[in-house]
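Asker: Build me a structure from this.
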Amino acid sequence: MSRPYDYEDGSGVSARPQPERQGAGILGLLRWFWRQLTSMKVALILLLLLALATIPGSLVPQRAADPNGVAQFEVEHPELFKFLDSFPIQAFDVYTSVWFSAVYLLLFTSLVGCILPRIVHHTRALFNPPPKTPSRLNRMVGFSQLSVKNERASDDEKLEFAKRSVELAEQRLKKLRYRTVVAEENRRGVTAVSVSAERGYLRETGNLLFHIGLVGVLIAVGFGSGIKFNGQKAITEGETMVNSLIDYDTVTTSTYFDVSDLDPFRMRLDSLDVDYVDVEDQKPNALGNVEDYRANVTVFESDGSSFKSTIRVNEPLRQHGTPVYLITNGYAPHLTMRNAAGEVVFSEKVAFLPQDTNMVSIGVIKVPDGFTRYGEPVQVGFRGFFYPTKVVLEDTGAYTSNFPDLHNPLVTLDMYVGDLGINEGIPQSVYALNTDTMEVLTGRKLQQKSLEIGIGETVQLPEGMGTLTVEAVPRFAAFEVMHDPSAVWVLISSLVAFGGLIASLFVPRRRMWVKAIVTANGITLQYAGLARGDDPNLPKAVGQFRDAHRQALADSAVG
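Answerer: Sure thing, here's the model as predicted:
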C-alpha cells in the first residue's frame, strides 16, 4: 500500500521521495530556480520585500494620489526630482513601478507554484486509505498495551476475539470522525489484526485555503488598483455635489478607471445635525462630547426622481453600489466683502477646519481681485479662527471655545495684501495661505487687534478698503465617494484566508492505531498515535481512547 506524501513513521524521517537530480545546463538551472521560487522561505522573503517596497510610497507624494504634491516637490527640489523620477527608481509611481510589479508578480507566482502541487497531493491523500499500521507501535506517541489472557481458547477463538476487539475499536474511531482501514497480517507465525485510523485532513485543507485566500487578495488588490476611484467633496448646508470628476475637491483615479463607471447622481446636503452632551443632560464629565452625526441629504437620480436619506459616520449611503461616507464636518461662515465703492467682491461660505473637540477652527480666504489700495488693484488674503462658543482665557487674554455648538460664535481674521501666488501655475490648497510675499495689515505682528466679527455683524477693513460681514454660520460636511469593485473580493478572500488559518492552527492532524496480537496466552492489545506537527494533547487522547475501548470490551463480554 502506498503511503501518503506527508507520511511520517515517528522517526522524524518523512516518506516524501527525494527530488530527482537537477541535471546540468539551462534546464537544470531553471528547475533549481523554480524550486527555490516555490519554497516557503522565498515566499516569506518576497512578502517582506513587498512590505518594504511600500515604504517609499509613503515618503514621497504619488502621482495617482497627490499630483499637486508631486508638482510642488518638482519645484522645490528639481535635481532630486529628476533622480527620483528616473527609470527604474520611479519613486513617484511606486505602486506601478517595474521593481514593485516584479516583487508583486514573483510573490504571486511563488504562492501559485507552491499551492498547485500541494492541492494535487492533498487531493490524492483524501482518497487514499490511512497508512498501514507500523510493525513497532512502541515507537509511537502514547504507546500502551493491554493483555487479555485466555489460555484455554483455541487459536481460531483467539483470532475471532482479536477481530471483534478491533471491530469495536473501529466503530468508536469512526464516531470520532476518523477514516479507518482494518488489516490482518501474519509475520513469523504471529497473527495480528489492526485498525489504522486518521483524521484532521481539514488542517491541510485550511492551510491551502489560507494560501488561496492570500492569492485571492493579491489578485483582487492588483485588479482593484487599476480600476478604483476615490473622491472627496466638502459641501455646506443647502449646496449640492455632482458625482463627476470635475466637481470633487480631491480625486484619486487608477490607470484603467473609466469615467463612465461613475453613477450619474447629485446629492444635496439639506442639513447636518449634531447632538452634543449639554448641561441639561447632567453628564458633566462628558460635556461637549458628540452623541450622533446626521447628514440629511436628498439624492437626485439621472431620470429626475429623488429620495431623501440620512448618512451617519458608520452608515454610508450606498448609491448603486457606490458608497458615500461622511468623514468630517465643521462650520462654514458665510462671509461677504465689499470694496470701498460698496461693490460685493466676495460672498461665499468658507469652510473652517476644526482643530479640537470644541470646534476651534482655522480658515483661509483668498480674494484675487476687486480690492484696491492706493488706487492700485491688490490681492487680499485672510487667515483666522472661528470660535463656536467664545470664551477668554484669564491668564493670557486669548480666545478659545469651551463648547462645540453655536452659543457665542465669533470669527477673528488677520488681513494680508500682496501676491497670493495663484498666477504662478502651481496648484495651491484652499486651506493654506502663503504670506511670504504679502504685507500684514492686522494681527499681533503689528500690535494691532485682529478683525473680530459676530454673526450678522459688519466691520471696516483697514485703510478704508471696504467692509466684511458675517451673514450666517452654516455647517459643512465632507463626503468621500468610493468606487472599488474589488473590495468585495478582497473581503471574501480575507475571510477565506482567516478561516483557513483558524483551521490550520486548531485542527489536529492525528493517526491512531489499535493492534490485537494473538499470543499463546490470549491476545495483546496495543494502542498508539502519531501527530503531524505539534499536538501536546495526543498522549491524553490515546489514553482516553484506550480506556473507552477497554470499557467497551468489558460491556460486550457482559452482554
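Asker: May I have the beta-bridge partners of the closest residue to residue 458 other than its chain neighbours?
Answerer: Distance criterion Cβ to Cβ, 6 or more residues apart in numbering; nearest residue to residue 458, sequence neighbours excluded, is residue 469 at 4.3 Å. For glycine as for every other residue, the C-beta is placed from the backbone atoms N, C-alpha and C. In this structure, residue 469 has beta-bridge partners residue 336, residue 458, where bridges are defined by DSSP bridges.
Asker: Could you double-check that residue 469 lies in contact with residue 457?
Answerer: Yes - contact criterion Cβ atoms under 8 Å: residue 469 and residue 457 qualify, at 7.1 Å.
Asker: Between the two, which is the more surrounded one?
Answerer: Taking other Cβ atoms under 10 Å, residue 469 and residue 457 do not tie; residue 469 has more neighbours (17 against 12).
Asker: how near is the more buried one to residue 174?
Answerer: Look at residue 469 and residue 174: by Cβ to Cβ, to the nearest Å, they are 87 Å apart.
Asker: Equivalent analysis for residue 358, please.
Answerer: When Cβ to Cβ is applied, the distance between residue 358 and residue 174 equals 69 Å.
Asker: and what of residue 500?
Answerer: Plainly put, residue 500 is 26 Å away from residue 174 if you go by Cβ to Cβ.
Asker: now swap in residue 338 and tell me
Answerer: Distance of residue 338 to residue 174, given as Cβ to Cβ: 91 Å.
Asker: Of these two, give the one with the bigger neighbour count.
Answerer: Regarding residue 338 and residue 174, a neighbour count based on other Cβ under 10 Å identifies residue 338 as having more, with 20 against 14.
Asker: Tell me which residues touch the residue nearest to residue 458, please.
Answerer: Residues counted as contacts of residue 469 (Cβ atoms under 8 Å, 6 or more residues apart in numbering) are 335-338, 453, 456-459.
Asker: rerun that using 10 Å as the cut-off
Answerer: When contacts are counted by Cβ atoms under 10 Å, 6 or more residues apart in numbering, residue 469 touches 334-338, 344, 347, 453, 455-459.
Asker: Beyond the helix or strand containing residue 112, next helix or strand please.
Answerer: Secondary structure assigned from DSSP states H and E places residue 112 in helix 98-127. Once helix 98-127 ends, the next helix or strand along the chain (criterion: DSSP H and E) is strand 141-149.
Asker: Go through that following strand and flag the buried ones.
Answerer: 141-143, 148 (16 or more other Cβ atoms under 10 Å).
Asker: can you check stretch 77-94 too?
Answerer: Under the neighbour-count criterion of 16+ other Cβ under 10 Å, stretch 77-94 has 81, 84-85, 90-94 buried.
Asker: okay if I get the residues you listed as TSV plus distance to residue 385?
Answerer: TSV is the format used below for those (distance: Cβ to Cβ, whole Å):
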residue	distance to residue 385
81	36
84	38
85	39
90	42
91	37
92	35
93	39
94	38
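Asker: Tell me which of those residues fall in helices.
Answerer: Within these, membership in helices is found for 81, 84-85, as judged by DSSP state H.
Asker: got TSV for the residues you listed, with pLDDT and distance to residue 265 too?
Answerer: Written out in TSV, the entries for these read as follows (pLDDT from 0 to 100; distance: Cβ to Cβ, whole Å):
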residue	pLDDT	distance to residue 265
81	91	39
84	92	40
85	92	38
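Asker: wait, which of the residues you listed is closest to residue 474?
Answerer: Taking Cβ to Cβ as the measure, residue 81 is the one of these closest to residue 474, at 41.4 Å.
Asker: What distance do you get for the closest one to residue 93?
Answerer: According to Cβ to Cβ, residue 81 and residue 93 sit 13 Å apart.
Asker: joint contacts of these two?
Answerer: Taking Cβ under 10 Å, 6+ apart as the contact criterion, the common neighbours of residue 81 and residue 93 are residue 70.
Asker: Let me know the average pLDDT across the host helix or strand of residue 412.
Answerer: Taking DSSP H and E as the definition, residue 412 sits inside strand 410-418. The predicted model gives strand 410-418 an average pLDDT of 95.
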